[in-house]
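>>> pasting the sequence and the predicted model now:
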Amino acid sequence: MTIRFSLASIGLLVLALSGPAVASPALAGELTPFEVFQSLKGAWMIRAGDNTLPFDMTYAVGSNGTIVTEQFGKELSVFYSDGGSLLMTHFCNRGNQPRLKLKSGGPAGRYEFDMFDITNLKDASDAHVQKIVYEILDPKHVNLEIIWKKGAGEESEKYVLTKRS
């Protein structure tokens, strides 16, 4: 008796034995970007360098499943689909509201949002969010980078999010 395995059957066996990996970079390609952000629902511990922030990042799905909210301290961001695009409005503590659009064609698990307009900005040189990048490492770990435009330069804030059980 000869046993033959095709590459496809070996791949299916490996996939079956590896267990669930919702919203992991490998499966992120199977979900729409909006579905990936919906899968973040819950509370996340925030680390900035060696410091743990005294509040959580929380994600919730609302408006009959058409938005995802992100609460970061006293700041709120809202993710929503507009046609074929994923948009995000960030309601900043600085009193302005940048609107960002997901950049297409990034690597699996990486979601880069670029500002395309902003409301309530008094002067273009005032500090404001220019870009936000999410790197979904696995279902319980996300790297977050917020890039600020300050005058002619930029500054970056980096955070590590860990989902609470």
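In hand now; what should we look at? Residues are numbered from 1 along each chain as shown.
>>> please make it C-alpha for all contacts and neighbour counts, starting now.
Noted.
>>> which stretches of the protein have low pLDDT?
For the chain, applying pLDDT under 70 flags the ranges 1-29.
>>> can you give me the strands for it?
Secondary structure of the chain (DSSP state E): strands at 42-48, 51-52, 57-62, 67-72, 75-82, 85-91, 97-102, 110-119, 128-138, 141-150, 153-163.
>>> list the neighbouring strands of the first one plus their orientation.
The one in question is strand 42-48. Using DSSP bridges, the strands paired with strand 42-48 in its sheet are strand 51-52 (antiparallel), strand 57-62 (antiparallel), strand 153-163 (antiparallel).
>>> bridging residues for residue 156?
Bridge pairing for residue 156 (DSSP bridges) gives the partners residue 147.
>>> tell me if I'm right that it and residue 147 touch.
Yes - shown here, residue 156 and residue 147 form a contact pair, counting by CA atoms under 8 Å, at 4.5 Å.
>>> of the two, which one has the most company?
residue 147 (18 against 13; other CA atoms under 10 Å).
>>> just to revisit the earlier point, comparing the strands of the chain, which comes out most buried?
strand 97-102 (a mean of 22; mean count of other CA atoms under 10 Å).
>>> and it, what does it pack onto?
strand 85-91, strand 110-119, strand 128-138 (3 or more CA pairs under 8 Å, 6 or more residues apart in numbering; DSSP states H and E).
>>> by how many degrees do it and strand 75-82 diverge?
Interaxial angle of strand 97-102 relative to strand 75-82 (axes from the mean of the first three to the mean of the last three CA atoms, to 10 degrees): 50 degrees.
>>> contact partners of strand 97-102?
Here strand 97-102 makes contact (CA atoms under 8 Å, 6 or more residues apart in numbering) with 85-92, 111-121, 128-131.
>>> dump the strands paired with strand 42-48 to TSV, plus distance to residue 70.
Formatted as TSV, these follow (distance: least, CA to CA, whole Å):
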stretch	distance to residue 70
strand 51-52	18
strand 57-62	5
strand 153-163	12
